[in-house]
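Peer 1: Following is a predicted model, sequence given first.
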Amino acid sequence: MIKKEYVDTVMKHKHALIFAGGIATAIIGKKILESEAVKESCTKGMAAVLAAKKDAEECYQDMRENAEDIVVDANSEVKKEIYVEEDKE
């Protein structure tokens, strides 16, 4: 079990421990960010995002072209209806 004196000593110096913990975290974080595994993982993630963006742009373009075709077809049907000639008997 932890002795009360040990806890009291730690609590007196808690700001120093927090500071040391922050420095250790910064050093470890820097090492992690510089590692090849992290670089490779981030690169693969970015490639996936770029591929998804390209797919979304292609899908959007297809939908836009289909919508434009629908509008053109609808307008041509309206024009046909307007200019329909009746048979005169």
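Peer 2: Yep, it's here. Since the structure is predicted, the reported quantities are computational estimates derived from the model, not experimental observations.
Peer 1: Now do the strands in the chain.
Peer 2: With strands called from DSSP state E, the chain shows none.
Peer 1: for it, which spans come out with low pLDDT?
Peer 2: 1-2, 77-89 (pLDDT under 70).
Peer 1: What are the boundaries of the helices in it?
Peer 2: 4-12, 14-34, 36-82 (DSSP state H).
Peer 1: From the contact counts, what lies against the longest one?
Peer 2: Packing partners of helix 36-82 (3 or more CB pairs under 8 Å, 6 or more residues apart in numbering; DSSP states H and E): none among the helices and strands. C-beta: built from backbone N, CA, C; applies to glycine.
Peer 1: how about a cut-off of 10 Å?
Peer 2: Applying 3 or more CB pairs under 10 Å, 6 or more residues apart in numbering; DSSP states H and E, we find helix 36-82 packed against helix 14-34.
Peer 1: possible to save the helices of the chain as CSV with mean neighbour count?
Peer 2: Shown next, in CSV, are the helices of the chain (neighbours: other CB atoms under 10 Å):
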stretch, mean neighbour count
helix 4-12, 9
helix 14-34, 10
helix 36-82, 10
